[in-house]
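[1] predicted structure and sequence below. I'll ask about it afterward.
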Amino acid sequence: MLTPAGPSLVGAGKTSPAVLLFVSDPGAKIVSDRKVLTELFGFTPGEARLVLALLSGTPLPEYARQSGVSYNTVRTMLARAMARTDSRSQVELVLLVARALGGIAPRVA
């Protein structure tokens, strides 16, 4: 996958256009790691936890209940995560992150 690098990625597109190239094995399992998400996308720990929950299929209201935060707080975290990745929708965010993790995460035996 080739995608334009948004200004939210460290060092990307500040003085000239930049792109990200993701190469992945579709058969590889995705390993979820908050630290990787933070390094790749600049997510806060809370945003990274939310994105990982979304990757596993957890709906926003359920995530809010499990985390002990309000639904509005979760929606704000989602909006910030989407802004960091220049995603226009929750689905676009999840697909982008899933592809990124599939391309760089170590294999699980």
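    Noted; the coordinates are in hand. Everything numeric here is computed off the predicted structure, so don't read it as measured data. Numbers count the residues shown, from 1 in each chain.

[2] what's the burial count for Arg49?
    Counted with other Cβ atoms under 10 Å, the neighbours of Arg49 add up to 18. The way it works is simple: take the backbone N, C-alpha and C, and place the C-beta from them, glycine included.

[3] now the strands for the chain?
    Applying DSSP state E to the chain gives strands spanning 2-4, 19-21.

[4] for the record, mean pLDDT for the first one?
    Per-residue pLDDT values over strand 2-4 give a mean of 54.

[5] now do the last one
    pLDDT averaged over strand 19-21 equals 59, rounded to a whole number.

[6] so where is this structure shaky, pLDDT-wise?
    1-32, 102-109 (pLDDT under 70).

[7] what ranges does it have for its helices?
    Ranges of helices in the chain, per DSSP state H, are 34-41, 45-55, 60-67, 71-85, 90-104.

[8] residues touching the residue nearest to Thr38 when sequence neighbours are not counted, list them.
    Distances taken as Cβ to Cβ, 6 or more residues apart in numbering place Ala48 nearest to Thr38, at 5.6 Å, with adjacent residues excluded. By Cβ atoms under 8 Å, 6 or more residues apart in numbering, the residues touching Ala48 are Arg34, Leu37, Thr38.

[9] let's see 10 Å
    32-42, 77, 81, 97 (Cβ atoms under 10 Å, 6 or more residues apart in numbering).

[10] which among those residues end up buried?
    Buried subset of the contacts of Ala48 (neighbour count, 16 or more other Cβ atoms under 10 Å): Ser32, Asp33, Arg34, Val36, Leu37, Leu40, Phe41, Met77, Ala81, Val97.

[11] can you redo those as TSV with distance to Gly57?
    Below are the buried ones among the contacts of Ala48 laid out as TSV (distance: Cβ to Cβ, whole Å):
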residue	distance to Gly57
Ser32	12
Asp33	18
Arg34	18
Val36	19
Leu37	17
Leu40	21
Phe41	20
Met77	17
Ala81	16
Val97	13
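
[12] that's all I had, so thanks and see you.
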